[in-house]
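Trainee: no FASTA, just this:
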Ligand SMILES: Nc1ncnc2c1ncn2[C@@H]1O[C@H](COP(=O)(O)OP(=O)(O)OP(=O)(O)O)[C@@H](O)[C@H]1O
């Protein structure tokens, strides 16, 4: 049976009269990587700070391995929680070698044990050759891996990572995020990280929580979050696409400017009801043999594909992701058909 490492049970936190975390709950199982995703200021870092014990709670409860560590009026000190932390600025000690940086958190270990443990961790993050160097002698990505090794060395029950890739350039970010996932998985770590970057969340996390104004809107796996958002904010915030107006015709058909869309849907919407249908760019296929035509109003060349914004006959806009050899200019009319596999409906917005 899977073991729950972290439980947030209806936690709230305020700075003065400003409610920053609002009745937020989540549960993270052993060996899983969770992510809090949201725009700047939505309260992600504050959630991490309450979990690590640097902030007390206004309401709710935090449990680690079944033990209550925070509730209003009771906050177990950070050092007693068995939590490791990785920050966006790495926070390495500049005057210590890579080896000594990783060894730093291993107080209480014997000398021989310490050497074995540091070597294991440097092996895990692929930096054994660099152990005598100093932080300024290695790259930003390597520094972040040292920070990861240092945080994992004391075998924490839970690792918290605050925007761990935000100081790196775009290509390195992508590579390092995949590497960090591999390292965490190889180690079997339970981790929660925060980011405002959805590609990073998708690349690293098993479970993602989308936050807005201190609230958790949905906590789900990346695939479910993208394909079955339960909230219009999540639908818009995660991925691309539009909410297309439609009218429910039968229990599995909705009439829209893209034609009759068929697919299962579970929303409690009556026949005849006005809805908004989530249509992602990959749901719209370029097909000149199809009778529905749309006008190209914007094009975003992405190398392998072009993201077209198209105006339907009724004036609604949709987006289509099309292989970039299908090159069309603004103002052209192209044939499109929908390839929606399941329908995500919301009451008309
Ligand atoms: N020490 C503090 N005192 C007062 N207000 C604070 C404090 N720390 C954060 N806030 C406010 O709480 C809100 C949430 O901040 P938080 O840092 O948790 O958000 P975030 O989602 O992590 O944002 P970012 O990605 O920019 O770090 C913001 O409005 C912020 O201004």
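Mentor: Cool, got the structure. Keep in mind it's a predicted model, so treat the numbers as computed, not measured.
Trainee: Going by C-alpha atoms from here, please, whenever you check contacts or count neighbours.
Mentor: OK.
Trainee: State the distance from residue 167 to the ligand.
Mentor: Separation of residue 167 from the ligand (C-alpha to the nearest ligand atom, to the nearest Å): 13 Å.
Trainee: mind listing what that residue touches?
Mentor: Counting by C-alpha atoms under 8 Å, 6 or more residues apart in numbering, residue 167 touches 88-89, 140.
Trainee: Adding neighbour count, write those out as CSV.
Mentor: Listed next are these as CSV, based on neighbours: other C-alpha atoms under 10 Å:
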residue, neighbour count
88, 15
89, 17
140, 18
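Trainee: quick one: contacts of the lowest-mean-pLDDT helix or strand in the chain?
Mentor: Lowest on mean pLDDT, DSSP states H and E among the helices and strands of the chain sits helix 170-187, with a mean of 86. Outside helix 170-187, the residues that touch it by C-alpha under 8 Å, 6+ apart are 31, 124-125, 141, 145, 165-166, 190-191, 200, 203-205.
Trainee: Please compute how far stretch 70-88 lies from its chain's middle.
Mentor: 22 Å (C-alpha atoms, centre = their mean, to the nearest Å).
Trainee: quick one on the thing from earlier: who wins for neighbours among the contacts of helix 170-187?
Mentor: The most crowded member of the contacts of helix 170-187, judged by other C-alpha atoms under 10 Å, is residue 191 (28 neighbours).
Trainee: How about the residues of the chain by the ligand?
Mentor: The chain comes close to the ligand at residues 15, 20, 40-46, as judged by C-alpha under 6 Å from any ligand atom.
Trainee: so can I have CSV of those residues showing secondary structure?
Mentor: Below are the residues of the chain next to the ligand laid out as CSV (DSSP: H, G, I helix; E, B strand; the rest coil):
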residue, secondary structure
15, strand
20, strand
40, coil
41, coil
42, coil
43, coil
44, helix
45, helix
46, helix
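Trainee: Using JSON lines, please lay out those together with pLDDT and neighbour count.
Mentor: Shown next, in JSON lines, are the residues of the chain next to the ligand (pLDDT from 0 to 100; neighbours: other C-alpha atoms under 10 Å):
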{"residue": "15", "pLDDT": "92", "neighbour count": "10"}
{"residue": "20", "pLDDT": "96", "neighbour count": "21"}
{"residue": "40", "pLDDT": "90", "neighbour count": "12"}
{"residue": "41", "pLDDT": "91", "neighbour count": "14"}
{"residue": "42", "pLDDT": "94", "neighbour count": "20"}
{"residue": "43", "pLDDT": "94", "neighbour count": "26"}
{"residue": "44", "pLDDT": "94", "neighbour count": "30"}
{"residue": "45", "pLDDT": "94", "neighbour count": "18"}
{"residue": "46", "pLDDT": "95", "neighbour count": "19"}
